[in-house]
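>>> Pasting the sequence and the predicted coordinates here, then a few questions.
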Amino acid sequence: MATTDEIIARTAPGHLIDHNLIDRDVESLCDGMVRYEKRPAKRHDGSVAEGIYNAWIIFNNPKQYNSYTTEMVKATILAFRRASADREVNAVVFTGVGDKAFCTGGNTKEYAEYYAGNPQEYRQYMRLFNDMVSAILGCDRPVVCRVNGMRIGGGQEIGMACDFSIAQDLANFGQAGPKHGSAAIGGATDFLPLMIGCEQAMVSGTLCEPFSAHKAARLGIIADVVPALKVGGKLVANPTVVTDRFLDEYGRIVHGEFKTGADFKAGQAQIKEGEVDLTLLDQKVDELCAKLLETFPECMTKSLEELRKPKLQAWNLNKENSRAWLALNMMNEARTGFRAFNEGTKETGREIDFVKLRQGLAKGTPWTEELIESLMPAVKK
Ligand SMILES: CC(C)(COP(=O)(O)OP(=O)(O)OC[C@H]1O[C@@H](n2cnc3c(N)ncnc32)[C@H](O)[C@@H]1OP(=O)(O)O)[C@@H](O)C(=O)NCCC(=O)NCCSC(=O)C1=CCCCC1=O
């Protein structure tokens, strides 16, 4: 009987059709701000599976906390298409450079300086953003979000579109929408209720309070969490988060909540004196990719397609309405909120005086350029 290798050599076609939309390196599409790296896939025992790879899609915009520009969104769509069509790819690992941020969503500088006041332009941007989320949800390979740092705003949305998330425990999660002039309708309002329940989704999507990786694991928004802070050469759990007990004296769950007061400040100081090491994060990601490798590929893809359906159905139901609303929103609140973040500083603050705005609207004040200017954080009365 012929061996499998002999059968492969004899029956594999000499020419394979390229199903990619364009034949361009991902990096060339956005000056390297999105990287596409095929890394050899490994078995459980660490041995390389010859000819099989994991496709790493890496956001490379660290100065802006790996926020995505329009060009990066275009490159990301093509990167996921490339991985999805590549016969040699076992799984996609979606991550960002560095250890501060996976992604903090749309680029607020571009939002403030180009899209603010231009709803027709933002509508076209949102076509691209929607296609990026759909490309993740439609990828024929399992998608692992390697949460190398904070996952905020649209970064949380594209992260939740992935099939698995593994986080280093200094990463925070959350939305920014109603604080910066947007609504988390780029996926969060579709995915959060499914993943963490309606009540916790409401808290996250409206109040925009960040939560820790340990809380994200408890809520079920990530599959696993690993320590990343080394102090004196020893790995310690995130020192700003309660990790050594589950309940407080009243029986309330405190595990994963941020510490407060002096304890929180002491934790911040310990983070400053330590160093971040993502070795365990990469080990966990490699372990998961090795498990995905040891499966039938078509059965894996079918399982992904079925298990994605709740997210996909919610996403497809709302994404076009969301796109239209977000475009028009660039005339008033997005125009104001993203400009405030972009033009503000740590000193002046980066959010508007929400009460002042509410007081004006309560009197029927119309949205004018003058009103918007008066709300910019640098303008102090
Ligand atoms: C809370 C933060 C994420 C982190 O705060 P902090 O730790 O205090 O860091 P900062 O000093 O704020 O930021 C460090 C520098 O990074 C720049 N930065 C951070 N985020 C972005 C971003 N998204 N775009 C561009 N630049 C960013 C920041 O300006 C600092 O640089 P500088 O030179 O100014 O010192 C906080 O950073 C934060 O709130 N960031 C903004 C989060 C945000 O609003 N994202 C967009 C949300 S909307 C969105 O993503 C959407 C997606 C699709 C659907 C529609 C939509 O709205």
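Nice, I can see it. Numbers count the residues shown, from 1 in each chain.

>>> Next, see if the biggest helix by length in the chain gets close to the ligand.
Looking across the chain with DSSP state H, the single longest helix is helix 297-329. Yes. Legend: contact between helix 297-329 and the ligand by CB under 6 Å from any ligand atom is shown at Leu326. No exception for glycine: its C-beta is placed from N, CA and C like everyone else's.

>>> Quick check: next helix or strand after that helix?
Under the assignment DSSP states H and E, the closest C-terminal helix or strand after helix 297-329 is helix 333-343.

>>> Tell me what angle that next one forms with helix 297-329.
100 degrees (axes from the mean of the first three to the mean of the last three CA atoms, to 10 degrees).

>>> who does helix 333-343 touch, helix- and strand-wise?
Where contact means 3 or more CB pairs under 8 Å, 6 or more residues apart in numbering; DSSP states H and E, helix 333-343 is packed against helix 108-110, helix 177-180, helix 369-375.

>>> mind running it again at 10 Å?
If contacts are counted by 3 or more CB pairs under 10 Å, 6 or more residues apart in numbering; DSSP states H and E, helix 333-343 sits against helix 108-110, helix 119-137, helix 177-180, helix 297-329, helix 354-362, helix 369-375.

>>> Among the ones you listed, show me which one is buried the most.
Mean neighbours per residue, mean count of other CB atoms under 10 Å, is largest over the helices and strands packed on helix 333-343 for helix 177-180, with a mean of 22.

>>> What angle do helix 119-137 and the helix or strand that it is followed by make with each other?
Counting by DSSP H and E, the next helix or strand C-terminal to helix 177-180 is helix 188-196. Relative orientation of helix 188-196 versus helix 119-137 (the same axes, to 10 degrees): 30 degrees.

>>> buried sites along helix 188-196?
Burial within helix 188-196, assessed by neighbour count using 16 or more other CB atoms under 10 Å, is assigned to Ala188, Thr189, Asp190, Phe191, Leu192, Pro193, Met195, Ile196.

>>> Check what pLDDT the residue positioned nearest the centre of the chain gets.
In the chain, the centroid-proximal residue (CA atoms, centre = their mean) is Gly155; its distance is 2.9 Å. For Gly155, the pLDDT comes out at 98.

>>> Which residue comes closest to it once chain neighbours are left out?
Closest residue to Gly155 apart from its sequence neighbours, by CB to CB, 6 or more residues apart in numbering: Cys103 at 3.0 Å.

>>> same question, Gly51
Setting aside the residues directly before and after it, Gly51 is nearest to Glu88 in space (CB to CB, 6+ apart), at 6.0 Å.

>>> list the contacts for that neighbour?
Glu88 makes contacts with Lys38, Ala41, Ala49, Gly51, Ile52, Tyr53, Asn54, Ala55, as judged by CB atoms under 10 Å, 6 or more residues apart in numbering.

>>> how about JSON lines for the helices and strands packed on helix 333-343, with mean pLDDT added?
Formatted as JSON lines, the helices and strands packed on helix 333-343 follow (pLDDT from 0 to 100):
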{"stretch": "helix 108-110", "mean pLDDT": "98"}
{"stretch": "helix 119-137", "mean pLDDT": "98"}
{"stretch": "helix 177-180", "mean pLDDT": "95"}
{"stretch": "helix 297-329", "mean pLDDT": "98"}
{"stretch": "helix 354-362", "mean pLDDT": "97"}
{"stretch": "helix 369-375", "mean pLDDT": "95"}
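
>>> I'd like the ones you listed written out as a markdown table, with distance to Ser204 added.
Below are those laid out as a markdown table (distance: least, CB to CB, whole Å):
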| stretch | distance to Ser204 |
| --- | --- |
| helix 108-110 | 19 |
| helix 119-137 | 18 |
| helix 177-180 | 10 |
| helix 297-329 | 16 |
| helix 354-362 | 18 |
| helix 369-375 | 25 |
